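Q: Next comes the sequence, and after it the predicted model I'd like to discuss.
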Amino acid sequence: MAPSPTGTLHIGGARTALFNYLLARKEGGTFVLRIEDTDVERSTQESVDVILQAMDWLGLSYDEGPYYQSERYDLYRGKVKELLDKGLAYRCYCTPEELEAKREAAMQSGGKRSYDGTCRQRTDQPDAPHVIRFKTPQAGSVDFVDRIKGRMSKDSDELDDLIIQRTDGHPTYNFVVVVDDAEMGISLVMRGDDHVNNTYRQIPMYQALGYPVPEFAHVPMILGSDKKRLSKRHGATSVMAYKDMGYLPEAMVNYLVRLGWSYGDEEIFSLEDLIEKFSLDNIGRSAGVFNPEKLLWLNEHYIKTGDPARLGGLLAEILAGQGVDVSSGPEMAAVVKTLQDRAKTLIEMAEGARFYFAAPQSYDETAAAKFLTADKREVIDISIRHLEALSSFTHDGVEQAFQSVMEETGLKFGKIGPTIRVALVGGPVSPSIYDVVAVLGQEETLARLRKALAVLTGKS
RNA sequence: GUCCCUAUCGUCUAGCCUGGCCCAGGACACCGGCCUUUCACGCCGGCGACGGGGGUUCGAAUCCCCCUGGGGACGCCA
């Protein structure tokens, strides 16, 4: 996996990383992380950190690296010299302005925008600013069999002499990946299919340098809902943004892998399942549209089925970050269990959990007007009595207590529950009353009910 | 513009290689119903696609050709 540290790790990059990881794990290969930071202008340490964090969050552990291309310039320079000495590369003195003008002119006349090879035959080698270009063979065609797309071919005369070393001496991407992939023994290059045209340019370089040509697997791109390249205008695209929005990494992994890959009708896969089941054969060949709803559904699924203790830990972090004191409230796992079926994200769960840790300061107006009226004092009072007498403060115990309240008052639960709910949580929405009471505990429940009673008494 | 790739429900896809089991299956979303102490969950049902045109064949989503659509690349970015 070789991301470039010029931004965050986005959805597309993460999926490529995942596919690479899965294949390496499945086939017992080595998963190498290499940071492609030959663009000094745009590469930043912050981006490197974000990439590392995202890989870690997704659970994609690497066996080697991270390697930094910026630390391997000696190697690349040696290889450039080798090509120069063999006559397979040459100095080009054309300036960026000249090149731009030529491209412009070519565009106008409907021709190719390729470099015209002006400096290819140049015999003098003045000591002036120059780049180094690779002398791409002009005859025949470049062919390879892509592990995903099958036979691929391009006529060589469509290829021009690409720059492998800039005026400032820095090597360029297309050259260093060839050197690195070969030197690092990469046997399969899997990357987005926006690179297929680079592959045609890279293969001759492997050959020129005497390297074996690796296998290639070009994964289709991920597009936005308008079928355009995924970008910020389609909403969050960075992986870590989803962590912040309360998504679970297993949901992200599951979503990502199904975007472009399938295994019959199955939808749910853990990383472990995937290491066993993943295969290049089941990757589709066409671009896919990023669908946030399905990702959300998967997140919902993993929240629903997740281990309460683990989810509790994650929830506590979020709550703490929101300034909620979770140290004195009920046990997190118990809280989670009451919310798992009704939250799609951890953020949503946190919202739903706040009342457990802070008694209502006020009551929702419309809910109170309906369910917390003076005539409800008796119900609350009777409920208090039965809950006081209850020794087993569990879901079932609480249910029995309310059974008694129903008998004593002759009311159906529909006439009791909503009132208790508003008194306990302050609003009209919460998990099942029995669960809320059981999790809140006897002391806290009674305190909140008495408070409500006092408020009602003060009113009349 | 040139080149490369690609084409099944709105979206992700199964099926295509090894034609008939497909008047096309699953999932998300959407719509309806049931359940229900709120909100949800859940359950049941529904809507919905082989881009078009030519071939080949007894028979094509599946094979061939053309068209069209979509994406990508064309940088001293990666």
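A: All right, it came through fine. Residues are numbered from 1 along each chain as shown, chains lettered A, B, ... in the order given.

Q: List the contacts of the residue nearest to A:Leu372 when sequence neighbours are not counted.
A: The spatially closest residue to A:Leu372, leaving aside those adjacent along the chain, is A:Val422, at 4.9 Å (CB to CB, 6 or more residues apart in numbering). Yep, even glycine has a C-beta here, placed from its N, CA and C like the rest. By CB atoms under 8 Å, 6 or more residues apart in numbering, the contact set of A:Val422 is A:Tyr363, A:Asp364, A:Ala367, A:Ala368, A:Phe371, A:Leu372, A:Pro428, A:Ala452.

Q: same question, A:Gly169
A: A:Arg77.

Q: Go ahead and report the secondary structure state at it.
A: Here A:Gly169 is recorded as coil under DSSP: H, G, I helix; E, B strand; the rest coil.

Q: picking up where we left off before, tell me how confident the model is about the helix or strand where the residue nearest to A:Leu372 lies, as a mean pLDDT.
A: Using DSSP states H and E, the element containing A:Val422 is helix A:417-425. The average pLDDT for helix A:417-425 rounds to 94.

Q: The very next helix or strand once past it versus helix A:417-425: what angle between them?
A: As assigned by DSSP H and E, the chain's next helix or strand after helix A:417-425 is helix A:433-440. For helix A:433-440 against helix A:417-425, the angle by axes from the mean of the first three to the mean of the last three CA atoms, to 10 degrees is 20 degrees.

Q: any residue of helix A:433-440 up close to RNA strand B?
A: Yes. For helix A:433-440, a contact with RNA strand B is found by CB under 7 Å from any atom of the strand, at A:Ile433, A:Tyr434.

Q: Can you name the next helix or strand after that helix?
A: Downstream of helix A:433-440 (by DSSP H and E), the next one is helix A:442-459.

Q: Pull out the buried positions in that next one.
A: A:Gln442, A:Glu444, A:Thr445, A:Leu446, A:Arg448, A:Leu449, A:Ala452, A:Leu453, A:Leu456 (16 or more other CB atoms under 10 Å).

Q: Ok, stretch A:56-67 next?
A: A:Trp57, A:Leu58, A:Leu60, A:Tyr62, A:Pro66, A:Tyr67.

Q: avg pLDDT for stretch A:148-167?
A: Computed over stretch A:148-167, the mean pLDDT rounds to 93.

Q: Okay, now that stretch: how far is its last residue from its first?
A: Chord length of stretch A:148-167, first to last residue, is 37 Å (CA to CA, to the nearest Å).

Q: what's the answer for stretch A:57-69, then?
A: Stretch A:57-69 stretches 24 Å from its first residue to its last (CA to CA).

Q: model confidence over it, on average?
A: Taken as a whole, stretch A:57-69 has a mean pLDDT of 95.

Q: neighbouring contacts of stretch A:49-64?
A: Against stretch A:49-64 from outside (CB under 8 Å, 6+ apart): A:1, A:3, A:5, A:8-9, A:14, A:17-18, A:21, A:24, A:30-33, A:35, A:66, A:184, A:238-240, A:243, A:249, A:252-253, A:271.

Q: cool, and stretch A:68-76?
A: Residues outside stretch A:68-76 that contact it (CB under 8 Å, 6+ apart) are A:34-38, A:40, A:43, A:165, A:170-171, A:175-176, A:179-180, A:183.

Q: redo that, cut-off 6 Å
A: A:Ile35, A:Glu36, A:Asp37, A:Thr38, A:Pro171, A:Val176, A:Val179 (CB atoms under 6 Å, 6 or more residues apart in numbering).
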